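Student: no sequence for this one, just the structure:
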């Protein structure tokens, strides 16, 4: 098993959905990625920053899930990144109510020396310059995976393109892929993104599943049809954590293995949306994950005899 | 092989897309269904009506694809149903410019006596009372499949519910499933529709694929990711024709076989959108269909070892 460096936010979230609302709860891209990757028992390190207001119990929780937290800087006099959002009735769109960068504003990431030889780097959603700095600190990782979002395309496109040029895999949602390339067709958009650097492009379509592109090949993983989506927060990060965690666990970075990694990412994301925030991910039994993987198999596998 | 009765419009369409526009060309639900079903060499009969303006060469075309046209009434003094629509730039929404019912306004369907013992009935998009009349003329068919659309929910809901109660399978798109049930979740919507009668519910999600529900089981068939959708007209009918045609061909109406039928429906629909109207479906070599089925396999099939 290879080790995994995870960079991303560790944060407070306050979430409102049609089903209810929360006070400040544990959130952040690196949190969701770490919890998802912990399903595979990988040796992971979280590189991020929090303020003095961040509870020790949350840090312990990450630690107890096998995450090294020596790269999780605590700025005692600062406040933790805070995001608050409200989902609309269809759960597919949300309004951001509050974004307080706080300690993230001046964050210089520091990858612990023990993890600079890690094979897999998962760059969760964060400022592209932070992502670049993490890449620069690594010694020849075998796989660098980037997750990003439209905010960085709008505000720091040049830096984002520098990151994109340096990664092996990018995960991005459908609207963002269209924004980044100016192409409506996801097939054409994926080809254009591959021309920017990544050998693999994963386009996330939320409830409509995810597509993996590599050269002229394409693989599709559905989302599990759910009776109810309780809270979509963190689903994309959880997907990225399942994907990168599975690859780090297996040490196999082939296209074939990435198909399986995407199924795992989708399966874990389908749990994430069942409860508020990261609640469902904290004590998720492996047995339930395996049952859900079987559901994905019966959802998509068919025997065919050509007529 | 069992035979197949197809009811639906046979029409003139005039289509405008971002790629160009057509004059009046061959269209209609029964046309697309028949051309798709002809891929399986099934013995099909089209039950519909056209006016005296309908070219004999179009009738011959259906006939040459193995469709019995003795139930295709020609009202010499009438005009053929005409629909005209314009697709928006995203190809996912369209505006209807013209709908002239013409001979459809007073249509009383007549199933040829040779086909009243057919095992499979495909009720394509048409007035629910016409669909009901066709059901009544059949002698114990083994499988009745219904395709419908929001227009009938808006205008003839009561009659539509009578049809729904009598069919085995309904194919419907996602927004229509939500409209019919008042449920946003497609899983919940499908359960509610099954409670109305059909044992199988197929929810079509366009470029996002299709879901097959039966009891507590669900199967998902993706749409093939395409570089370009040239003209979506008839894709849903082609899907229905591939689905019902494959089932008639095999005579196997099990859930397992319906999975394969849905893959065939999706594969044929992926051809339909490549050219204007039904053009791509008219001389579609079986070899190309088989190649595309293989693409669907590599799109969704994965090997997984549980970690």
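Tutor: Okay, I see it. Values in this document were obtained by computation on a predicted structure and should not be read as measured data. Numbering: from 1, shown residues only, chains lettered A, B, ... in the order given.
Student: residues from the stretch 101-250 of chain A in reach of chain B?
Tutor: Contact residues (CB under 8 Å from any CB of the partner chain) of the stretch 101-250 of chain A with chain B: A:184-188, A:205, A:208-209, A:211, A:217-220, A:222, A:225-229, A:246, A:249-250. Where C-beta positions appear, they are placed from N, C-alpha and C, glycine not excepted.
Student: phi, psi of the residue nearest to residue A:272 when sequence neighbours are not counted?
Tutor: With CB to CB, 6 or more residues apart in numbering or on different chains as the criterion, residue A:272 has its nearest non-adjacent residue at 4.2 Å, and that residue is residue A:238. Note on residue A:238: its backbone torsions stand at phi -60, psi -40 [degrees, to the nearest 10].
Student: so which of the residues of the stretch 101-250 of chain A next to chain B are in helices?
Tutor: A:186-188, A:246, A:249-250 (DSSP state H).
Student: now the stretch 1-150 of chain A against chain B: closest residue?
Tutor: Nearest residue of the stretch 1-150 of chain A to chain B: residue A:40, at 5.5 Å (CB to the nearest CB).
Student: mind giving me the ChimeraX select for the residues of the stretch 101-250 of chain A next to chain B, buried ones only?
Tutor: A single ChimeraX command selects the buried members of these (16 or more other CB atoms under 10 Å in any protein chain shown):
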select /A:184,185,186,187,188,205,208,209,211,218,219,220,222,225,229,246,249,250
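Student: just confirm the residue of the stretch 1-150 of chain A closest to chain B contacts residue A:247, I think it does.
Tutor: No - in this structure residue A:40 lies outside contact range of residue A:247 using CB atoms under 8 Å: 9.2 Å.
Student: check contacts around whichever residue of the stretch 51-200 of chain A sits closest to chain B.
Tutor: Here the residue of the stretch 51-200 of chain A nearest chain B is residue A:187; by CB to the nearest CB that distance is 4.6 Å. The contact partners of residue A:187, by CB atoms under 8 Å, 6 or more residues apart in numbering or on different chains, come to A:213, A:218, B:225-227.
Student: could the residues you listed be laid out in CSV, adding distance to residue B:26 and pLDDT?
Tutor: Formatted as CSV, the contacts of residue A:187 follow (distance: CB to CB, whole Å; pLDDT from 0 to 100):
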residue, distance to residue B:26, pLDDT
A:213, 36, 98
A:218, 32, 96
B:225, 28, 91
B:226, 23, 88
B:227, 26, 86
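Student: gap between the two ends of stretch A:273-284?
Tutor: 13 Å (CA to CA, to the nearest Å).
Student: which one of the ones in helices among the residues of the stretch 101-250 of chain A next to chain B is nearest residue A:118?
Tutor: residue A:249 (12.9 Å; CB to CB).
Student: does the closest one really touch residue A:38, like I thought?
Tutor: No - with contact defined as CB under 8 Å, residue A:249 and residue A:38 do not form a contacting pair (10.6 Å).
Student: any stretches of chain A with poor pLDDT?
Tutor: A:1 (pLDDT under 70).
Student: endpoint to endpoint, stretch A:18-36 covers what distance?
Tutor: 25 Å.
Student: fine by me, thanks again.
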